[in-house]
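Novice: Give me a 3D structure for the following:
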Amino acid sequence: MAEVTEVPRAVEVPDAVFAERPRLVEGVRAYGLIVAMWLRSTMAYRASFAMTAFGNFAATSFDFVAILLMFAHVDELGGYTLPEIALLYGASGTAFGLADLMLGSMDRLGRRVRDGTLDTLLVRPVPVLAQVAADRFALRRLGRITQGLLVLGYGLAALDIAWTPLKVVMIPLMLLSGAAIFGAVFVGGAAFQFFAQDAAEVQNSFTYGGNTLLQYPPTVFAKELVRGVTFVVPLAFVNWLPALYVLGREYPLGLPEWVAFLPPVVAGVCWGLAGAAWRAGLRSYRSTGN
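Specialist: Purely as a prediction, here's the structure:
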């Protein structure tokens, strides 16, 4: 299939369409229109979509295969059994997969800044963030989400958890809040590219790298690193803190139990900071060559 390099003009809706809509609603609608365009493009070649989605599923499965190989030689890793690590892995993988599906194209911003194609987005009557986020929307990323959900399901089925209503609510809360936190990191990393221009790998170290970090229990890492992903870049709220509450385990830093319920608050704060960083980056943009 020939690669599409630009969003078709069909999504360039007139100003009047958005004139009376709040900025957020206007951005969501524009995002939906662009995503729908990419979905139609993807589903025009269904066999190709099926193969790439399966490839995405298989490629991400190798991470858990590596964990299985470890447990072929040990009974515990950092004091955690295989089902407990499967819970951590599945929660992190699913949350990251959701964020990657919705906002994974944000790491292309640096390339657009360098080659000047960001200018074409600025002249359209559509929020730039919505255009960048929906650019090249890849439905094949459902493979990662499916793989994460399967591992999460295995972990929950294999564990003997004393379920309470709060623990039941914690599972979807953890996945949705974790996806929101990862999404904020995607946006914040993209905002940094307005200044650095060639920093996609820096962004990936916090997104893809953060996902890999959270697949393992916090007890295998130095406390300085655990503090960093708790108080500086709060990735620990994606799965470590809420999952350890479900498992009935103490957090290595000795935080009170109620912090496990803070992921929605942390996600809101992260999005506030990411939004401010995005606006600052967009205001600083002076086009290619200047």
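Novice: Can you pull the poorly scored residue ranges out of the stretch 101-250 of the chain?
Specialist: 197-199 (pLDDT under 70).
Novice: mind listing the strands for the stretch 1-150 of the chain?
Specialist: Counting by DSSP state E, counting those that start in this stretch, one finds no strands in the stretch 1-150 of the chain.
Novice: For it, which segments are assigned as helices?
Specialist: Remark: helices assigned in the stretch 1-150 of the chain by DSSP state H, counting those that start in this stretch are 15-18, 23-43, 46-71, 82-103, 109-115, 118-122, 128-134, 142-158.
Novice: just these: most buried one?
Specialist: Burial of these is given as mean neighbour count (mean count of other Cβ atoms under 10 Å); helix 82-103 ranks first at a mean of 25. For the C-beta atoms, the positions are set from N, CA and C on the backbone; glycine is no exception.
Novice: Quick one: residues contacting Ile67.
Specialist: By Cβ atoms under 8 Å, 6 or more residues apart in numbering, Ile67 lies in contact with Leu77, Leu82, Ile85, Tyr89, Gln215.
Novice: okay, these in JSON lines with distance to Arg112 next?
Specialist: Shown next, in JSON lines, are those (distance: Cβ to Cβ, whole Å):
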{"residue": "Leu77", "distance to Arg112": "41"}
{"residue": "Leu82", "distance to Arg112": "43"}
{"residue": "Ile85", "distance to Arg112": "38"}
{"residue": "Tyr89", "distance to Arg112": "33"}
{"residue": "Gln215", "distance to Arg112": "31"}
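Novice: Quick check: the farthest pair among the residues you listed?
Specialist: With Cβ to Cβ as the measure, no two of the contacts of Ile67 lie farther apart than Leu82 and Gln215, at 12.5 Å.
Novice: So what's the residue count around Leu262?
Specialist: 16 (other Cβ atoms under 10 Å).
Novice: Touching, it and Ala236? I think so.
Specialist: No - using Cβ atoms under 8 Å, Leu262 is not in contact with Ala236; the gap is 10.3 Å.
Novice: ok but Asp160 is inside a helix, no?
Specialist: No - using DSSP: H, G, I helix; E, B strand; the rest coil, the assignment for Asp160 is coil, not a helix.
Novice: how close does it get to Pro83?
Specialist: For Asp160, the distance to Pro83 equals 9 Å [Cβ to Cβ, to the nearest Å].
Novice: ditto for Ala243
Specialist: Where Pro83 is concerned, Ala243 sits at a distance of 12 Å (Cβ to Cβ).
Novice: again with Gly254
Specialist: 25 Å.
Novice: Leu175 too?
Specialist: 18 Å.
Novice: ok, now Leu235?
Specialist: From Leu235 across to Pro83, the span is 22 Å (Cβ to Cβ).
Novice: Show me which of the contacts of Ile67 is closest to Gln131.
Specialist: Checking the contacts of Ile67 one by one against Gln131 (Cβ to Cβ), the nearest turns out to be Gln215, at 31.9 Å.
Novice: remind me, longest helix of the protein?
Specialist: For the chain, the helix with the greatest residue count under DSSP state H is helix 165-196.
Novice: other SSEs contacting that helix?
Specialist: When contacts are defined as 3 or more Cβ pairs under 8 Å, 6 or more residues apart in numbering; DSSP states H and E, helix 165-196 packs onto helix 82-103, helix 109-115, helix 128-134, helix 200-214, helix 240-247, helix 263-284.
Novice: Let's have the ones you listed in JSON lines, adding distance to Ala44.
Specialist: JSON lines is the format used below for those (distance: least, Cβ to Cβ, whole Å):
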{"stretch": "helix 82-103", "distance to Ala44": "19"}
{"stretch": "helix 109-115", "distance to Ala44": "25"}
{"stretch": "helix 128-134", "distance to Ala44": "18"}
{"stretch": "helix 200-214", "distance to Ala44": "29"}
{"stretch": "helix 240-247", "distance to Ala44": "40"}
{"stretch": "helix 263-284", "distance to Ala44": "32"}
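Novice: Out of those helices, flag the one nearest Pro165.
Specialist: helix 240-247 (12.3 Å).
Novice: Grab the CA positions of the closest one and hand them over as CSV.
Specialist: Provided in CSV are the C-alpha atoms of helix 240-247 (Å, rounded to 0.1, in the frame of the first residue of the first chain):
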residue,chain,number,x,y,z
TRP,A,240,3.1,-0.4,40.7
LEU,A,241,1.1,1.4,43.4
PRO,A,242,-2.4,0.3,42.5
ALA,A,243,-1.3,-3.3,41.6
LEU,A,244,0.5,-3.7,44.9
TYR,A,245,-2.7,-2.6,46.7
VAL,A,246,-4.6,-5.4,44.8
LEU,A,247,-1.9,-7.9,45.8
